[in-house]
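1. model the structure of this input:
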Amino acid sequence: MSILVENVSKVYGKQNALDQVSFSVKPGEIVGFLGPNGAGKSTMMKIITGFIPATDGNVKVCEMDVVEKPIDVKKKIGYLAEQNPLYYDMYVREYLHFICGIYKMRDTRKRVDEIIETVGLSIEQNKKIGQLSKGYKQRVGLAQALLHDPEVLILDEPTTGLDPNQLDEIRGLIKKIGAQKTVMLSTHIMQEVEAICDRVIIINKGKIVANEKVDQMNHLFNKNLSFTIEYSGELSKAQFMKIDGVISAQNIRANAWRIECAADKEIRNELFQIAVKADLSVLGLQEEQTKLEDIFKQLTQTAEVE
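-> Purely as a prediction, here's the structure:
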């Protein structure tokens, strides 16, 4: 495993920030790490990267314990913190050479040239970091995280404050990087997870409440299904409510209906049979997918009540 977290807890005074957290991330995965503010995301990432120790439990990165071999682990990790720590008075190339020096890298000119090209900094490479836009500052942050060619990339809110164009650019870059490395990504933007992540881990109040592949979340956590169906003529609500499993039927426009049913009921054949009996045609039928944002709210709000 690239990342292995076993029964990790972190206590600040009387506050239990993490409570027996366990999960793993395989090589080549892009995993979204989600949770409300204060859920424990940044704390977990800081423990994985060795910035702070866990109160209890074990963490391994590339089969190495983060406590027993902290320097070796840091060589394997590229880390972009939520508050991107940059030296604004340094030039882009100057800063990247400085980072190379920290890692005691050789042939730094060639590596800096490569990473500038990889993250799309060529046009801004001779500017001071303080002169750059938010998007390009994030690119510099990614560049420093990638310079030493780490096997694991930890990104804490990498797209915070970016405009839509910058969002697309950084997401595309992360997706490209993820084809070759293990990426753990913390974000509040659900569309980001759906667009680039293979799996999602949701944490709430220091506990894992979901750990599933993105494309399976809807099936596992959605109790109801919704269909939008359009007929060639008029029908009544009563005709739909007679179908076993139907919870609600809403006329959304002209002859189009939104039908909600229990997830364990297959009602599509009955929806077609209604058309047959009424001598109508079905002009369209589409299952509505529950958004990850709705599942996130369901899991975290339920956990809060409990």
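
2. hmm, Ile99 is touching Leu147, no?
-> Yes - assessed by CB atoms under 8 Å, Ile99 is found in contact with Leu147 at 5.3 Å. Quick note: C-beta positions are derived from backbone N, CA and C, even for glycine.

3. okay, these two: which has more neighbours?
-> Using other CB atoms under 10 Å, the more surrounded residue of Ile99 and Leu147 is Leu147, with 21 against 18.

4. which ones are touching the more buried one?
-> Counting by CB atoms under 8 Å, 6 or more residues apart in numbering, Leu147 touches Gly78, Leu96, Ile99, Cys100, Tyr103, Met105, Arg111, Val112, Ile115.

5. please enumerate the strands of this structure.
-> Ranges of strands in the chain, per DSSP state E, are 3-12, 15-25, 30-34, 56-61, 64-65, 77-80, 152-156, 182-186, 199-204, 207-213, 224-231, 246-253, 256-262, 282-288.

6. tell me which other helices or strands the longest one touches.
-> Helices and strands touching strand 15-25, by 3 or more CB pairs under 8 Å, 6 or more residues apart in numbering; DSSP states H and E, are strand 3-12, helix 41-48, strand 56-61, strand 207-213.

7. which segments of the chain make up each domain?
-> Here the domain parsing of the chain from automatic domain parsing is 3-219, 223-289.

8. a markdown table for the ones you listed, including distance to Gln298?
-> Below are those laid out as a markdown table (distance: least, CB to CB, whole Å):
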| stretch | distance to Gln298 |
| --- | --- |
| domain 3-219 | 10 |
| domain 223-289 | 9 |
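
9. need those in CSV (columns: mean pLDDT and distance to Ile295).
-> Below are the domains of the chain laid out as CSV (pLDDT from 0 to 100; distance: least, CB to CB, whole Å):
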stretch, mean pLDDT, distance to Ile295
domain 3-219, 90, 5
domain 223-289, 92, 10
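
10. quick one: which of those is nearest Thr300?
-> domain 3-219 (4.5 Å; CB to CB).

11. measure Cys197 to Asn84 for me?
-> Separation of Cys197 from Asn84 (CB to CB, to the nearest Å): 21 Å.

12. pick out whichever of the two has more residues nearby.
-> Remark: of Cys197 and Asn84, Cys197 carries more neighbours, 25 against 20, as counted by other CB under 10 Å.

13. can I assume the more buried one is in contact with Leu185?
-> Yes - using CB under 8 Å, Cys197 is in contact with Leu185, at 6.6 Å.

14. identify the contacts common to those two.
-> Ile30, Val31, Gly32.

15. by neighbours, which of these wins?
-> Val31 (26 neighbours).

16. quick check: Ile116 touching Gln144?
-> No - if you go by CB under 8 Å, Ile116 and Gln144 don't touch, sitting 11.4 Å apart.

17. compare the two and say which is more crowded by neighbours.
-> Remark: of Ile116 and Gln144, Gln144 carries more neighbours, 23 against 20, as counted by other CB under 10 Å.

18. surely the more buried one is in contact with Phe98?
-> No - look at Gln144 against Phe98 with CB under 8 Å: they stay out of range, at 9.0 Å.
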